[in-house]
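**Student:** structure for this input, please:
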Amino acid sequence: MLHLDTFSIPDPPDSGFAVDEKLLLRIATGDQDAFRQLYQNTDRTIYGFILSILKNPQDAEEVMQETYIKVWTSASSYHAQGKPLAWMFTIARNLCYMKFREQKHQSDVGLDELNGTETGEFCPQIENAADKMVLKAALETLKEDERQIVLLKNSSGLKHREIADGLGMPLATVLSKYNRAMKKLEQYLREE
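**Tutor:** Numbers count the residues shown, from 1 in each chain. Alright, predicted model coming up:
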């Protein structure tokens, strides 16, 4: 059995991916501390990604829990490729689609979400229910991949390169989709 602590492989600068990959390998051996650390490194990013697909905070939290359970139980099937976040995104995306199928969930904003009973749930910085509704409507104008990129960048704080690696897209594509999406949002908000 390979013990990671016997090797001292330096991580490239600003590379959380190499660290997360080592954590996944340790998780495969049942290391709970490694799992806890991986969760702390990725929870905001994974949640933002799931929320960008489901558009429902309660469903996103549920799928996020399922995602980490799947990561724990499937870590041994991870093949080191240098892209652990992409592997986790794939698990999360599959669970999101399973959620859609199970509940025949419609992506349109429901009336119960618009009543503003739980302010700040979609985006903690937005406490005003009217602002929350406008933001949701603005995000609805974006294509799914644009919405994911915007939310990963702005709510999870990922860099464009990290988003590109995580989604398996070229950096130039992520940059152009992000810029296009921000222009759409700006135009929508100006019209509102």
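**Student:** okay, CA-based contacts and neighbour counts for the rest of this
**Tutor:** Noted.
**Student:** okay, buried residues for the helix or strand hosting A60 please.
**Tutor:** Using DSSP states H and E, A60 falls within helix 57-74. Within helix 57-74, the residues that qualify as buried are P57, D59, A60, V63, M64, E66, T67, Y68, V71, W72, counting by 16 or more other CA atoms under 10 Å.
**Student:** who touches it?
**Tutor:** Residues from elsewhere that reach helix 57-74 (CA atoms under 8 Å, 6 or more residues apart in numbering): 27-28, 35, 39, 46-47, 50-51, 54, 88, 91-92, 95-96, 99, 121-122.
**Student:** ok, now how distant is the residue nearest the centre of the chain from I91?
**Tutor:** In the chain, the residue lying closest to the centroid (CA atoms, centre = their mean) is F49, at 2.2 Å. To I91, F49 is 11 Å away according to CA to CA, to the nearest Å.
**Student:** go on, F100?
**Tutor:** Counting by CA to CA - F100 and I91 are separated by 14 Å.
**Student:** lowest-pLDDT helix or strand in the chain?
**Tutor:** The helix or strand of the chain with the poorest confidence is helix 111-114; it has a mean of 44 (mean pLDDT, DSSP states H and E).
**Student:** I'd like the average pLDDT over stretch 90-108.
**Tutor:** Taken as a whole, stretch 90-108 has an average pLDDT of 74.
**Student:** returning to that earlier point: F100 and I91: which is more packed in?
**Tutor:** I91 (19 against 16; other CA atoms under 10 Å).
**Student:** what helix or strand does the more buried one sit in?
**Tutor:** With DSSP H and E as criterion, I91 is part of helix 84-103.
**Student:** can you pull out the helices in the protein?
**Tutor:** 16-27, 32-54, 57-74, 84-103, 111-114, 129-140, 144-154, 160-167, 171-191 (DSSP state H).
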